[in-house]
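> mind folding the following:
(one chain, ligands or ions: 1)
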Amino acid sequence: MLRTTLYKEERHNKTTMSRLVKVAESKDILMGGKIIVEIDGVEIAVFNVDNEQYYAVEDVCSHDGGPLGEGELIDTYQVECPRHGGRFDIRTGQALVMPAFEAIEAFPVTVQNGDIFLTVDW
Ligand code: FES
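Below you'll find the model as predicted:
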């Protein structure tokens with residue numbers, strides 16, 4: 001089970017609200033690059049696929065926990081898990097290639113004045 005799912009279940013009985021969390025500045029992620037950030041113990045891979053076009057997904061493969069942030073980007077919007085080759089759409093988190101079949105969490109990204117924010121709902 002993905003950590004974001006576990007985290008939400010732990011907080012099941014608490015009121016949650018979406019919030020913006022600053023994770024980096026745009027200068028921190030080169031075009032075509034990525035970084036790993038951490039919010040409340042959840043590691044998230046943030047990709048800059050084009051100039052100022054950012055996407056963020058949980059850094060854990062739904063197949064067997066592979067570190068997606070260490071994977072390669074393929075066809076612009078797909079990240080390949082370095083462990084067994086499953087692929088995910090970094091725009092939506094949808095699993096695209098077996099052995100991965102369960103989606104991962106994708107996080108909305110907002111850029112304001114050069115700062116990169118993720119929206120999380122826990
Ligand atoms: S851990 Fe990612 S494809 Fe198996």
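
> from now on I want contacts and neighbour counts done on CA atoms only, so please keep to that.
Fine.

> is it true that residue 47 touches residue 54?
Yes: in this structure, residue 47 is within contact of residue 54 by Cα atoms under 8 Å, at 5.4 Å.

> these two: which is more packed in?
With neighbours defined as other Cα atoms under 10 Å, residue 47 and residue 54 compare such that residue 47 has more, 26 against 23.

> tell me the phi and psi of the more buried one?
Per-residue torsions, residue 47: phi -110, psi 140 (degrees, to the nearest 10).

> for it, which non-adjacent residue is closest in space?
residue 34 (4.3 Å; Cα to Cα, 6 or more residues apart in numbering).

> contacts only, for the one you found.
Residue 34 makes contact with 45-48, 69 under the criterion Cα atoms under 8 Å, 6 or more residues apart in numbering.

> mind listing what the spatially most central residue of the chain touches?
Nearest to the geometric centre of the chain sits residue 57, at 1.3 Å (Cα atoms, centre = their mean). Residues in contact with residue 57 (Cα under 8 Å, 6+ apart) are 44-46, 90, 93, 104-107.

> now the two most distant members of the residues you listed.
Farthest apart among these by Cα to Cα are 46 and 104. That separation is 13.6 Å.

> ok, then the element right after the helix or strand of the chain with the lowest mean pLDDT?
None of the helices or strands of the chain scores lower by mean pLDDT, DSSP states H and E than helix 3-10, at a mean of 64. Later in the chain than helix 3-10, the nearest helix or strand by DSSP states H and E is strand 19-25.

> still on that earlier bit, what sits closest to the residue nearest to the centre of the chain if chain neighbours are left out?
Spatial nearest neighbour of residue 57, chain neighbours left out: residue 106 (4.3 Å); criterion: Cα to Cα, 6+ apart.
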